[in-house]
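please work out how this folds:
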Amino acid sequence: MGYYAETLGLPPPEPLSGRFYTVTELTQHLQSAKQTLKLNEELLKLDRCRFMVIDNIGYANRGQQESSVLFELIAHRHEQASIITANQAFSEWHNIFSDKNMTVASVDWLIHHGNIIELEGENYRKKNSST
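Predicted structure coming up:
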């Protein structure tokens with residue numbers, strides 16, 4: 001999935017501005033902002049991006065702190081352009097968020113104006129590996 005997200009997200013056409021994040025990178029950044037009481041400030045900075053790519057959301061840790069900032073981000077950006085890759089169906093997202101209500105609300109926000117593209121077939125990296 002990461003290959004497709006990078007392909008879709010890089011380079012952004014002018015004058016669009018966008019950012020590519022792995023879910024780990026983004027949640028660690030937002031957790032740090034939350035600890036210094038600057039989460040809202042960081043979310044507003046992310047609004048400068050016309051679109052955002054969040055790769056491999058399924059690798060998010062189900063811990064309360066990580067799922068909390070991820071939930072805050074989705075709640076904040078749900079009306080803005082985002083590309084989110086996942087290697088699980090929505091029915092398995094209870095493994096991402098620590099609370100069932102967070103899972104339901106997050107999926108609801110993402111699909112409200114979203115387009116879901118489901119890719120099937122062999123993993124690109126696996127297919128092209130030498131082993």
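
just give me the residue right at the centre of this protein.
When C-alpha atoms, centre = their mean is applied to the chain, the residue found nearest the centroid is residue 54 (3.3 Å).

how near is it to residue 127?
24 Å (C-beta to C-beta, to the nearest Å). Where you see a C-beta, it was placed from the backbone N, CA and C, and this is true even at glycine.

over to residue 58?
Distance, residue 58 to residue 127, by C-beta to C-beta: 20 Å.

compare these two (neighbour count), which wins?
Legend: neighbour count by other C-beta atoms under 10 Å for residue 58 and residue 127, higher for residue 58 (17 against 8).

that one against residue 89, yeah?
No - in this structure, residue 58 is not within contact of residue 89 by C-beta atoms under 8 Å, at 9.8 Å.

the residue nearest to the centre of the chain belongs to a helix, doesn't it?
No - going by DSSP: H, G, I helix; E, B strand; the rest coil, the assignment for residue 54 is strand, not a helix.
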